[in-house]
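J.: sequence and computational prediction follow.
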2 protein chains.
Amino acid sequence: MAEKEAMKKKRKVVLASGTFDLLHMGHVKYLEEAQKAGGENAKLIVIVARDKTAEKRKGAKPVVPEDHRRALVEALKVVDEAILGFEDFNMEKVIERISPDIIAVGHDQNSIIRQVQEVVARKGLDIEVVRIGKFGKDELSSSLKIKRKIIELYKG
Amino acid sequence: MAEKEAMKKKRKVVLASGTFDLLHMGHVKYLEEAQKAGGENAKLIVIVARDKTAEKRKGAKPVVPEDHRRALVEALKVVDEAILGFEDFNMEKVIERISPDIIAVGHDQNSIIRQVQEVVARKGLDIEVVRIGKFGKDELSSSLKIKRKIIELYKG
């Protein structure tokens, strides 16, 4: 029992985030790399952007609504927990609530990485910020490209 | 060790199948119900349709290529193993290879259920065929409806 408790305490918490509209292998690979950044036994918590936040940031509503996007992310083996973000996107509140050891930022999340670095520096937090690379040039590891392909195929 | 062996032997194998283009919660719920049909400890093996097979059956190529569709299905917690189907779609060969205890058929898989029932009856196999219900009237638990929504949103 004491051993189990010690195991639990050692487990690093990794925080990842995204919209995850039209879930694809680019998303899964980002999440797998994020989890690996915390070691084999790391706990991966994922913040899934609200519909309103995603619309504000990307200029268009996600195709799949937030509750489905969250549930689908949580259905992945690599994910321990998926949580919907705050309506007013706020990295400081997220960091306070989750207390991660590591924050994994995707290759296309420039605005998030700036916010994270600002909060970590200002509050002097002991959080490692890890940038996750892009996966190949694969045309189908991008929600935008999947949408384009669908439109090409069906516009008739 | 002997106990572990016994556990393994008792684990029922459930076979599910589909194209799983644009993975959504309707797919996940179908797979979860399929796994439950074999009891809590059941092993879920999923046959993912080849691009060519899907094109022949549905009249259009899937948006996401077969290797990505397979990997995404296998990344789900509920799935033990995802395997690409035979190029010449053949339920008899699949059943021979997997030897399932249960075959779970989706609400929209009428042609598959007929093939399965025919093979099971002709060969006198001890396989339970379970029909999985449809999940709500949710417009986003259907790949076709996701495609339609994308086209509506972006055709402008």
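T.: Now that the structure is in, tell me what you want to look at.
J.: local confidence estimate at residue A:33?
T.: Per-residue confidence (pLDDT) for residue A:33: 95.
J.: contacts only, for it.
T.: A:104, A:132, A:133 (Cβ atoms under 8 Å, 6 or more residues apart in numbering or on different chains). Any C-beta I mention is one placed from the backbone N, CA and C, and that applies to glycine too.
J.: gap between it and residue A:106?
T.: 9 Å (Cβ to Cβ, to the nearest Å).
J.: between the two, which contacts overlap?
T.: residue A:132.
J.: I'd like the mean pLDDT over stretch A:45-55, please.
T.: pLDDT averaged over stretch A:45-55 gives 94.
J.: how about it: buried residues?
T.: Residues of stretch A:45-55 classed as buried by neighbour count (16 or more other Cβ atoms under 10 Å in any protein chain shown): A:45, A:46, A:47, A:48, A:49, A:50, A:51, A:53, A:54.
J.: can you tell if it touches chain B?
T.: No - residues of stretch A:45-55 are not located near chain B by Cβ under 8 Å from any Cβ of the partner chain, the shortest gap being 11.6 Å.
J.: what about that stretch, start to end distance?
T.: 22 Å (Cα to Cα, to the nearest Å).
J.: please export the C-alpha coordinates of the helix ranked longest in chain A as CSV.
T.: Ordering each helix of chain A by length in residues (DSSP state H) puts helix A:110-123 first. Extracted C-alpha coordinates of helix A:110-123, given in CSV (Å, rounded to 0.1, in the frame of the first residue of the first chain):
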residue,chain,number,x,y,z
ASN,A,110,2.4,30.0,-30.7
SER,A,111,-0.1,32.1,-28.8
ILE,A,112,-0.5,29.4,-26.1
ILE,A,113,3.3,29.0,-25.6
ARG,A,114,3.6,32.8,-25.1
GLN,A,115,0.9,32.8,-22.5
VAL,A,116,2.4,29.8,-20.7
GLN,A,117,5.9,31.2,-20.6
GLU,A,118,4.6,34.5,-19.3
VAL,A,119,2.6,32.9,-16.5
VAL,A,120,5.5,30.5,-15.6
ALA,A,121,8.1,33.4,-15.5
ARG,A,122,5.9,35.9,-13.6
LYS,A,123,4.9,33.4,-10.9
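J.: what residues of it count as buried?
T.: Quick answer for helix A:110-123 (16+ other Cβ under 10 Å): A:112, A:113, A:115, A:116, A:119, A:120.
J.: what does chain A have sitting close to chain B?
T.: Checking chain A against chain B by Cβ under 8 Å from any Cβ, the hits are A:22-25, A:28, A:60-61, A:63-65, A:68, A:71-72, A:75-78, A:140, A:146-147, A:149-151, A:153-155.
J.: so of these, which ones are in strands?
T.: When the residues of chain A next to chain B are checked against strands using DSSP state E, none is located there.
J.: is it possible to get JSON lines of the buried residues of stretch A:45-55 that adds secondary structure?
T.: JSON lines is the format used below for these (DSSP: H, G, I helix; E, B strand; the rest coil):
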{"residue": "A:45", "secondary structure": "strand"}
{"residue": "A:46", "secondary structure": "strand"}
{"residue": "A:47", "secondary structure": "strand"}
{"residue": "A:48", "secondary structure": "strand"}
{"residue": "A:49", "secondary structure": "coil"}
{"residue": "A:50", "secondary structure": "coil"}
{"residue": "A:51", "secondary structure": "helix"}
{"residue": "A:53", "secondary structure": "helix"}
{"residue": "A:54", "secondary structure": "helix"}
